[in-house]
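Undergrad: Here is the input, now give the coordinates:
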Amino acid sequence: MTKLSVNINKIATLRNARGGNIPDVVKFALDCERFGAQGITVHPRPDQRHIRFQDVLDLRSVLTTEFNIEGYPTDDFISLVLKVKPAQVTLVPDPPDVLTSNAGWQIKKHFAFLKEVIAVFNSANIRTSLFVDVDIENISDATQTGTNRIELYTESYAKNYLSNREVAVEGFKKAAIRANEVGLGVNAGHDLSLENLHYFSKNVPGLLEVSIGHALISDALYLGIENTIQLYLRELK
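TA: Got it, this is the predicted structure:
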């Protein structure tokens, strides 16, 4: 079964809107684990507008499921990840000013940089994943960086799901097949939801993990977090 990792950035956004510690990010993450989530994802950005570096440190000491830290590999980010030593680090090509992740890595363009950074994480026994689009050549190039996995950027699938889900998923299916052929594990994330998750997981071979935040947290406002997590897990079965 594909693992569900809950991205808790939106909980930190809500907390930061008023200051203080309501809602409690750590407690929420622990509740997600208790309700069945198989992982917790955070994406600390340089301005710490949602998840703060201290949140990452606080979470590491209490989480019992897979901890996935994603972000752009600045020096501060690399130092944080090496200090925390999560199960997985997902490298995302985010400029500091973007609202949310909006593109995958162009591997050839950033090859030397990625290979150097990934070697640092590999030496610390931290599994690495690269956030990528579905370009087959790009995925083939990823193998040479030393990464363990890729994370497929699924915004285009979600955007086109209602109009033609067969066409929407086709590129992701081919990308996953290629990744499997060259020995890369496959994760996925961005705009996956209760509406489109089951079809995606059913049609993308070897899908190991999905990271879901915005849609899942939004559903929880109506359905409650325990029920929502169970519903997402059901879609992955």
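Undergrad: Check whether the most centrally placed residue in the chain sits in a helix, strand or coil.
TA: For the chain, Ser211 is the residue whose C-alpha lies nearest the centre (C-alpha atoms, centre = their mean; 4.2 Å). Counting by DSSP: H, G, I helix; E, B strand; the rest coil, the backbone at Ser211 sits in strand.
Undergrad: what sits against the closest residue in space to it that isn't next to it in sequence?
TA: Beyond its immediate neighbours in the sequence, the residue positioned closest to Ser211 (C-beta to C-beta, 6 or more residues apart in numbering) is Gly189, lying 3.8 Å away. Using the backbone N, CA and C atoms, a C-beta is placed for each residue, glycine as well. For Gly189, the contacting residues are Asn7, Thr41, Glu151, Leu152, Tyr153, Thr154, Val210, Ser211, Ile212, taking C-beta atoms under 8 Å, 6 or more residues apart in numbering as the criterion.
Undergrad: Over to Asp58?
TA: Val25, Val26.
Undergrad: That one: which element?
TA: Asp58 is part of helix 53-60 when elements are defined by DSSP states H and E.
Undergrad: After that helix, which helix or strand is next? Please name it.
TA: Beyond helix 53-60 on the C-terminal side, the first helix or strand identified by DSSP H and E is strand 66-71.
Undergrad: Which strands border that following strand, and is each parallel or antiparallel?
TA: The sheet places strand 66-71 alongside strand 39-42 (parallel), strand 88-91 (parallel), with pairing taken from DSSP bridges.
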